[in-house]
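# Prediction below, plus the sequence it came from.
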Amino acid sequence: MSTVKDVDSSAFATEVLDATVPVVVDFWAPWCGPCRVVGPEVEKLAASSGESVKFVKVNIDDNRDLAMRYGVMSIPTIAKFERGGVVAQVIGARRADALAVELGLQG
């Protein structure tokens, strides 16, 4: 079972902006090769993070409004949200350990 939840525009505010814990959002598309590489790495990071961080993914083809609102110009873009705002962002494929460092998820 995946630990990363698919979220669309209608659920974004509830799942991400109103969350009480940090939320990592993977902006991706099915046709994106690097997205297919980073997807399993995001899953690994989610599995190792426990309940302290929430992980979701947003298909930008189906949710163009979200991609435009958050300035997603290149995918994969992985953004960390806290209290409704973006506090860290990574563009391009990375391994789980590198994502953890760049997004500030390591304690």
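Good, I have the coordinates.

# got the contact list for stretch 11-30?
Stretch 11-30 is contacted by residues 4-5, 7, 35, 38-39, 42, 45-46, 51-61, 63, 66-67, 70, 72, 75-82, 84, 87, 103, 105 when judged by CB atoms under 8 Å, 6 or more residues apart in numbering. (Glycine included, C-beta is placed from N, CA and C.)

# and it, what's its mean pLDDT?
For stretch 11-30, mean pLDDT rounds to 97.

# Leaving out sequence neighbours, find the closest residue to the residue nearest the centre of the chain.
Using CA atoms, centre = their mean, the residue of the chain that lies closest to the mean C-alpha position is Val25, 1.8 Å off. If you skip the residues right next to it in sequence, Val25 has Ala79 as its closest partner in space, 4.9 Å away by CB to CB, 6 or more residues apart in numbering.

# And the pLDDT at that neighbour?
Ala79 is assigned a pLDDT of 98 by the prediction.

# Beyond the helix or strand harbouring Val56, next helix or strand please.
Counting by DSSP states H and E, the element that carries Val56 is strand 54-59. Proceeding C-terminally, strand 54-59 gives way to helix 64-69 as the next helix or strand, assigned by DSSP H and E.

# just checking, what packs against that next one?
Based on contacts counted as 3 or more CB pairs under 8 Å, 6 or more residues apart in numbering; DSSP states H and E, the elements that helix 64-69 packs against are helix 9-12.

# Show the low-confidence segments of the protein, by residue range.
1-2, 107 (pLDDT under 70).

# Tell me where it has strands.
Remark: strands assigned in the chain by DSSP state E are 5-6, 23-28, 54-59, 77-82, 85-91.

# Tell me which of those strands is the most buried.
Comparing these on average neighbours per residue, with mean count of other CB atoms under 10 Å, the densest one is strand 23-28 at a mean of 24.

# partner strands of that one, parallel or antiparallel?
strand 54-59 (parallel), strand 77-82 (antiparallel) (DSSP bridges).

# Reformat the ones you listed into JSON lines and put distance to Asp97 next to each item.
Compiled in JSON lines, those are given as follows (distance: least, CB to CB, whole Å):
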{"stretch": "strand 54-59", "distance to Asp97": "16"}
{"stretch": "strand 77-82", "distance to Asp97": "14"}
